[in-house]
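Peer 1: Everything below, folded, please.
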Amino acid sequence: MSTQPFNRPIRVLVAKVGLDGHDRGARIIATTLRDAGMEVIYTGLRQTPEMVVNAALQEDVDAIGVSILSGAHMTVFPKIITLMKQKGMDDVLVTGGGIIPEADMDELGKQGVGKLFPPGTNTKDIVQYITEWVKANRNF
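Peer 2: Residues are numbered from 1 along each chain as shown. Below you'll find the model as predicted:
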(Lines give C-alpha, C1' and ligand atoms only; values in the text may rest on other atoms or scores of the structure.)
Protein backbone atom coordinates (compact mmCIF):
# COMPACT_ATOMS: atom_id res chain seq x y z
CA MET A 1 0.00 0.00 0.00
CA SER A 2 1.42 3.37 -0.99
CA THR A 3 1.54 5.92 1.79
CA GLN A 4 2.04 8.76 -0.68
CA PRO A 5 -1.48 9.65 -1.82
CA PHE A 6 -0.36 13.14 -2.81
CA ASN A 7 2.71 14.82 -4.23
CA ARG A 8 4.60 14.52 -0.95
CA PRO A 9 4.93 11.99 1.85
CA ILE A 10 2.45 11.97 4.70
CA ARG A 11 3.91 13.96 7.61
CA VAL A 12 3.40 12.63 11.14
CA LEU A 13 4.47 14.07 14.46
CA VAL A 14 5.07 11.36 17.09
CA ALA A 15 4.98 12.71 20.63
CA LYS A 16 5.47 11.62 24.24
CA VAL A 17 3.51 13.92 26.52
CA GLY A 18 4.02 14.35 30.25
CA LEU A 19 6.42 12.72 32.66
CA ASP A 20 6.20 9.22 31.18
CA GLY A 21 9.76 8.31 30.25
CA HIS A 22 9.03 5.07 28.39
CA ASP A 23 9.48 5.77 24.70
CA ARG A 24 10.26 2.37 23.20
CA GLY A 25 6.77 2.07 21.67
CA ALA A 26 6.89 5.61 20.28
CA ARG A 27 10.27 4.91 18.69
CA ILE A 28 9.00 1.67 17.14
CA ILE A 29 5.99 3.48 15.68
CA ALA A 30 8.16 6.33 14.40
CA THR A 31 10.46 3.85 12.66
CA THR A 32 7.52 1.88 11.25
CA LEU A 33 5.92 5.01 9.79
CA ARG A 34 9.25 6.15 8.34
CA ASP A 35 9.80 2.71 6.81
CA ALA A 36 6.33 3.01 5.23
CA GLY A 37 7.44 6.17 3.43
CA MET A 38 6.09 8.80 5.81
CA GLU A 39 8.02 11.80 7.07
CA VAL A 40 8.23 11.50 10.85
CA ILE A 41 9.05 14.17 13.38
CA TYR A 42 9.71 12.67 16.82
CA THR A 43 9.44 15.20 19.64
CA GLY A 44 11.25 13.21 22.28
CA LEU A 45 10.22 12.85 25.90
CA ARG A 46 8.36 15.10 28.32
CA GLN A 47 6.46 17.32 25.92
CA THR A 48 3.49 19.47 26.91
CA PRO A 49 0.31 19.55 24.83
CA GLU A 50 1.25 23.12 23.85
CA MET A 51 4.69 22.01 22.64
CA VAL A 52 3.14 19.18 20.61
CA VAL A 53 0.54 21.38 18.91
CA ASN A 54 3.05 24.15 18.19
CA ALA A 55 5.49 21.66 16.66
CA ALA A 56 2.69 20.11 14.59
CA LEU A 57 1.69 23.54 13.28
CA GLN A 58 5.29 24.52 12.47
CA GLU A 59 5.96 21.21 10.72
CA ASP A 60 2.64 21.27 8.80
CA VAL A 61 1.86 17.68 9.72
CA ASP A 62 -1.07 15.59 8.55
CA ALA A 63 -1.27 13.61 11.78
CA ILE A 64 -0.17 13.68 15.40
CA GLY A 65 0.47 10.37 17.12
CA VAL A 66 0.64 10.51 20.91
CA SER A 67 2.12 7.66 22.93
CA ILE A 68 0.84 7.66 26.49
CA LEU A 69 1.36 5.12 29.22
CA SER A 70 1.01 7.37 32.27
CA GLY A 71 -2.78 7.31 32.65
CA ALA A 72 -3.10 11.01 31.81
CA HIS A 73 -4.86 10.36 28.48
CA MET A 74 -8.17 11.93 29.59
CA THR A 75 -6.29 15.19 30.23
CA VAL A 76 -3.68 15.14 27.46
CA PHE A 77 -5.84 14.31 24.43
CA PRO A 78 -8.64 16.82 25.20
CA LYS A 79 -6.04 19.55 25.77
CA ILE A 80 -4.38 18.78 22.42
CA ILE A 81 -7.78 18.82 20.66
CA THR A 82 -8.69 22.17 22.28
CA LEU A 83 -5.38 23.75 21.30
CA MET A 84 -5.68 22.46 17.75
CA LYS A 85 -9.18 23.91 17.40
CA GLN A 86 -7.90 27.26 18.66
CA LYS A 87 -5.24 27.21 15.94
CA GLY A 88 -7.62 26.12 13.16
CA MET A 89 -6.02 22.70 12.76
CA ASP A 90 -9.30 20.93 12.03
CA ASP A 91 -7.86 18.80 9.23
CA VAL A 92 -5.07 17.17 11.26
CA LEU A 93 -5.56 13.68 12.68
CA VAL A 94 -4.91 13.10 16.37
CA THR A 95 -4.28 9.44 17.04
CA GLY A 96 -2.14 7.50 19.44
CA GLY A 97 -1.74 4.55 21.63
CA GLY A 98 -0.74 3.16 24.96
CA ILE A 99 -2.50 1.97 28.06
CA ILE A 100 -5.99 3.40 27.53
CA PRO A 101 -9.16 1.61 28.69
CA GLU A 102 -11.76 0.90 26.00
CA ALA A 103 -14.37 3.17 27.65
CA ASP A 104 -11.88 6.05 27.65
CA MET A 105 -11.04 5.37 23.98
CA ASP A 106 -14.74 5.69 23.18
CA GLU A 107 -15.07 8.95 25.12
CA LEU A 108 -11.96 10.43 23.50
CA GLY A 109 -13.34 9.47 20.09
CA LYS A 110 -16.48 11.48 20.85
CA GLN A 111 -14.23 14.45 21.63
CA GLY A 112 -12.50 14.28 18.25
CA VAL A 113 -9.59 11.93 18.83
CA GLY A 114 -9.04 9.38 16.06
CA LYS A 115 -8.53 5.68 16.56
CA LEU A 116 -6.34 4.73 19.52
CA PHE A 117 -4.17 1.64 19.47
CA PRO A 118 -3.43 -0.61 22.47
CA PRO A 119 -0.09 -2.36 22.99
CA GLY A 120 0.31 -5.32 20.65
CA THR A 121 -1.44 -3.70 17.69
CA ASN A 122 -0.02 -4.78 14.35
CA THR A 123 1.99 -1.81 13.07
CA LYS A 124 0.59 -2.36 9.56
CA ASP A 125 -2.85 -1.49 10.96
CA ILE A 126 -1.51 1.85 12.21
CA VAL A 127 0.12 2.65 8.87
CA GLN A 128 -3.08 1.74 7.02
CA TYR A 129 -5.28 3.80 9.35
CA ILE A 130 -3.15 6.95 9.03
CA THR A 131 -2.83 6.56 5.26
CA GLU A 132 -6.56 6.07 4.73
CA TRP A 133 -7.47 8.94 7.07
CA VAL A 134 -5.11 11.33 5.28
CA LYS A 135 -6.43 10.30 1.86
CA ALA A 136 -10.00 10.92 3.03
CA ASN A 137 -9.48 14.11 5.06
CA ARG A 138 -6.48 16.11 3.84
CA ASN A 139 -6.53 18.28 0.73
CA PHE A 140 -3.16 19.27 -0.66
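
Peer 1: Quick one: the helices in the chain, in order.
Peer 2: In the chain, the helices defined using DSSP state H lie at 24-35, 49-59, 73-86, 102-110, 123-137.

Peer 1: rank those helices by pLDDT, which is bottom?
Peer 2: Averaging pLDDT over each of the helices of the chain singles out helix 24-35 as the lowest, with a mean of 94.

Peer 1: How far off centre is stretch 64-79?
Peer 2: Here the centre of stretch 64-79 is set off from its chain's centre by 10 Å, with CA atoms, centre = their mean, to the nearest Å.

Peer 1: Could I get the helices of the chain in TSV, plus columns for distance to residue 67 and mean neighbour count?
Peer 2: C-beta here means a position set from N, CA and C on the backbone, and glycine is covered the same way. Formatted as TSV, the helices of the chain follow (distance: least, CB to CB, whole Å; neighbours: other CB atoms under 10 Å):
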stretch	distance to residue 67	mean neighbour count
helix 24-35	4	17
helix 49-59	11	18
helix 73-86	10	18
helix 102-110	14	13
helix 123-137	11	16
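
Peer 1: Out of these, which gets nearest to residue 7?
Peer 2: Each of these was checked against residue 7 via CB to CB, and the shortest separation belongs to helix 123-137, namely 12.9 Å.

Peer 1: Just list what the closest one packs against, helices and strands only.
Peer 2: For helix 123-137, the packing partners by 3 or more CB pairs under 8 Å, 6 or more residues apart in numbering; DSSP states H and E come out as helix 24-35, strand 63-68, strand 93-98.
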